[in-house]
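>>> Model the structure of this input:
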Amino acid sequence: MKKLLFISGSLGLGHVGRDIEIVKMLRKSVPDVQVSWLADYPATNVLKQAGEKLLPEAELLTHGNKELDNAAKNHGANLTRWVMNMRKDWSKNAKIVIDVIRRENFDLVIGDETYDLLIELFQDPSLKQFPFIIIFDFLGMDRVTNSPIDALITYLTNRMWSKAITLEPSLCEKVLFVGEIEDIQDKKFGFLLPNRRVLAKKYMDFVGYILSFNPKDYMNQAVIRENLGYGKAPLAICSIGGTSAGKELLELSMKAVPLIRKEIPDFEMMMVLGPEVPVESVRAVEGVTVAGYLPELFKHLAAADLAIVTGGGTVTLELTALQKPFLYFPLENHFEQEIVVASRCKRYNAGVRMSYSQTTPEKLAREVVNNIGREAQYSSVPTDGAQKAAKLISEFL
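Purely as a prediction, here's the structure:
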């Protein structure tokens, strides 16, 4: 039996889904693997529902969902400042994780964007006494404000990031990238620092994208609607993901619904608040159904004629793969959503990028009316990343 520790360390819910898919594929090639998990809420709930073994130390970790939610306002979340504020907690997290690894004697540790553990190993390479594979879906921070503090944080973090990946002897047995080479900007990490894409080609294995479903199985909209209990009326899904950082989008969308129904009288919206926004805090108008956390949200996206979402990497990828028209609002000052995700959407000719600060209910209503039910013609998305990742990981088991 092989013992594996999987740390699902990113924000929200997008990454835990792909991590579970990797493990599903890994179990096919290594049937005797025993997987233990560490994660932050709300990802812990998804793991429990999937029947996975969650270690008790998960309760002690802080990966930053609450920190991001507390700092977010006006549909903005400064991810650069979040990184700075998390450094103290990251150090505490890493020490807890290393103690767990020593106690359990794992054969392999996998971290999905576990910056806390990577930084700790970089600062003290002697702690690297276990096989370690790390997963990324973007490389390098970007400055999106005029603040000199943000510029300094960005530069220092990028310098550490590039050095941690290229350090010899290596801190990681493998560095997996969920995505394509085009997802990494062809630019330097910073002054006198290496080119991101050149570094990635040398040190990373690209596996493509990972979905928790096969898009081909969800192309019959009528059947999916019937299974989910939806009628035939024009339907939009509004979702802000696994954090509350985009909660202002819910209010904007609610205000737009009466205006939309003037043009489309039978228009309906399913508003998905996610696990962090209380259902009782939202007062629905006519035509809107409010839900909290919906497992397998992709099924509802497949049933919809349009989606209104924040700029999350997973939900925009799912909508692209499902060939659904969507309006997406990147969180402002969130460099990953504003640059990385938006660039991928542009490359795939997918979705309509919107700006929360420049969108009135009237403007949103017009965009919904103009795009709902539109036939999407996005580029095809490769979705066999879980199989490729599992194959690379199995070499170490």
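>>> switch to C-alpha atoms for all contacts and neighbour counts from now on
Fine.
>>> In terms of pLDDT, where does L68 sit?
Model confidence at L68, given as pLDDT, is 80.
>>> let me redo that: A222
On pLDDT, A222 comes in at 96.
>>> dump the residue contacts of it.
Each residue near A222 by C-alpha atoms under 8 Å, 6 or more residues apart in numbering is listed here: A303.
>>> Okay, and the beta partners of the closest residue to P194 other than its chain neighbours?
In space, P194 comes closest to K188 once its chain neighbours are excluded; the distance is 5.4 Å by C-alpha to C-alpha, 6 or more residues apart in numbering. Beta-bridge partners recorded for K188 (DSSP bridges): N195.
>>> was I right about K188 contacting R196?
Yes: taking contacts as C-alpha atoms under 8 Å, K188 lies within contact range of R196: 5.5 Å.
>>> Just want to know which of these two has more residues nearby.
R196 (19 against 16; other C-alpha atoms under 10 Å).
>>> Enumerate every residue touching the more buried one.
Residues near R196 by C-alpha under 8 Å, 6+ apart: 139-140, 184-189.
>>> per-residue pLDDT, V290?
On pLDDT, V290 comes in at 97.
>>> and what of L273?
96.
>>> Quick check: the closest residue to it other than its chain neighbours vs V272, distance?
Nearest non-adjacent residue to L273, counting by C-alpha to C-alpha, 6+ apart: G292, 4.8 Å away. Distance, G292 to V272, by C-alpha to C-alpha, to the nearest Å: 6 Å.
>>> Looking only at neighbour counts, state which of those two leads.
Higher neighbour count among G292 and V272: V272, with 23 against 16, using other C-alpha under 10 Å.
>>> wait, that one sits on L294?
Yes: counting by C-alpha under 8 Å, L294 is a contact partner of V272 at 7.1 Å.
>>> any weak-confidence spans in the stretch 101-250 of the chain?
For the stretch 101-250 of the chain, no stretch has pLDDT under 70.
>>> Surely S91 is in contact with E120?
Yes: S91 is in contact with E120 according to C-alpha under 8 Å; the separation is 6.7 Å.
>>> residues of stretch 89-104 that come out buried?
Buried residues in stretch 89-104, counted by 16 or more other C-alpha atoms under 10 Å: 90, 92-94, 96-98, 101.
>>> Could you list the residues in contact with that stretch?
For stretch 89-104, the external contacting residues (C-alpha under 8 Å, 6+ apart) are 5, 57, 60-63, 115-117, 120, 127, 130.
>>> any chance of the contacts of R196 in JSON lines, with distance to V340 too?
Converted to JSON lines, those look like this (distance: C-alpha to C-alpha, whole Å):
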{"residue": "L139", "distance to V340": "9"}
{"residue": "G140", "distance to V340": "10"}
{"residue": "I184", "distance to V340": "8"}
{"residue": "Q185", "distance to V340": "8"}
{"residue": "D186", "distance to V340": "12"}
{"residue": "K187", "distance to V340": "13"}
{"residue": "K188", "distance to V340": "15"}
{"residue": "F189", "distance to V340": "14"}
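>>> From these, list just the buried residues.
Buried among the contacts of R196 by 16+ other C-alpha under 10 Å: 139-140, 184-185, 188-189.
>>> Can you report how many residues lie near Q49?
For Q49, using other C-alpha under 10 Å, the count is 9.
>>> distance of it from R374?
35 Å.
>>> picking that back up, whichever of the contacts of stretch 89-104 end up buried, select them in PyMOL.
Buried residues within these, by 16+ other C-alpha under 10 Å, are selected in PyMOL with:
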select buried, resi 5+61+62+63+115+116+117+120+130
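>>> Q221: which of the contacts of stretch 89-104 is nearest?
Closest approach between the contacts of stretch 89-104 and Q221, by C-alpha to C-alpha: H63, at 37.0 Å.
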